[in-house]
Every structure is written in C-alpha cells, then in structure tokens.
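Enquirer: Give the three-dimensional model of this entry:
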Amino acid sequence: MTLSTSPRPLSPCRKICRIEPTQSLCEGCGRTLDEIARWGQMTEAEKAPVWERLDAEGYGVSSESSARGG
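Expert: Sure thing, here's the model as predicted:
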C-alpha cells in the first residue's frame, strides 16, 4: 500500500503575519524573520528542515490554506 502525500504549497505563509517578540517567530506560519526573508531564494533542500520543524511544531499547512509564495 502506498501513501500519497499532497504537494506542499509554495510557502507556509497563512496571511497571519505577526512576529512573536520573545521568540522572533511569525505567529501564523512559525518561521523566523530570516526564514521569511530568504524563503524565495532558498532551495528545496534548504526548505526541507524548515518544513519538518513547522510540521513538528504544529504549523503544517495544506495547499488550500497557503496562497502566498513568500
């Protein structure tokens, strides 16, 4: 039996862009300011550990809930 996985959206952005000051993480997507700034230039290999951390921390998104590429 093969498990099918949905393709990831272009970005984990959820359009809830608020930086949590004590941890410097976006409250919507869980990325750091550096990850947000670099996202468009990052390779898929560089994004992979970020996606894994976001999934582990409960920030995982589906392609329907993420419409932005940034």
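
Enquirer: from here on, contacts and neighbour counts on C-alpha atoms
Expert: Noted.

Enquirer: In this protein, what residue spans correspond to helices?
Expert: Counting by DSSP state H, the chain has helices at residues 33-38, 44-56.

Enquirer: Which among the ones you listed is found nearest to Pro7?
Expert: Nearest to Pro7 among those is helix 44-56 (12.1 Å), distances taken as CA to CA.

Enquirer: Tell me which residues of the closest one come out buried.
Expert: For helix 44-56, burial by neighbour count (16 or more other CA atoms under 10 Å) applies to 47, 50-51, 54.

Enquirer: Go ahead and flag the most central residue of this structure.
Expert: With distances taken as CA atoms, centre = their mean, Pro12 lies nearest the centre of the chain, 2.9 Å away.

Enquirer: Test my guess that that residue contacts Gly60.
Expert: Yes. With contact defined as CA atoms under 8 Å, Pro12 reaches Gly60; the gap is 7.4 Å.

Enquirer: Show me the common contact partners of those two, please.
Expert: Common contact partners of Pro12 and Gly60 (CA atoms under 8 Å, 6 or more residues apart in numbering): Trp51.

Enquirer: if we can go back for a sec, let's have the helices of the chain in a markdown table, adding distance to Ile19 and mean pLDDT.
Expert: Output for those, formatted as a markdown table (distance: least, CA to CA, whole Å; pLDDT from 0 to 100):
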| stretch | distance to Ile19 | mean pLDDT |
| --- | --- | --- |
| helix 33-38 | 8 | 96 |
| helix 44-56 | 15 | 96 |
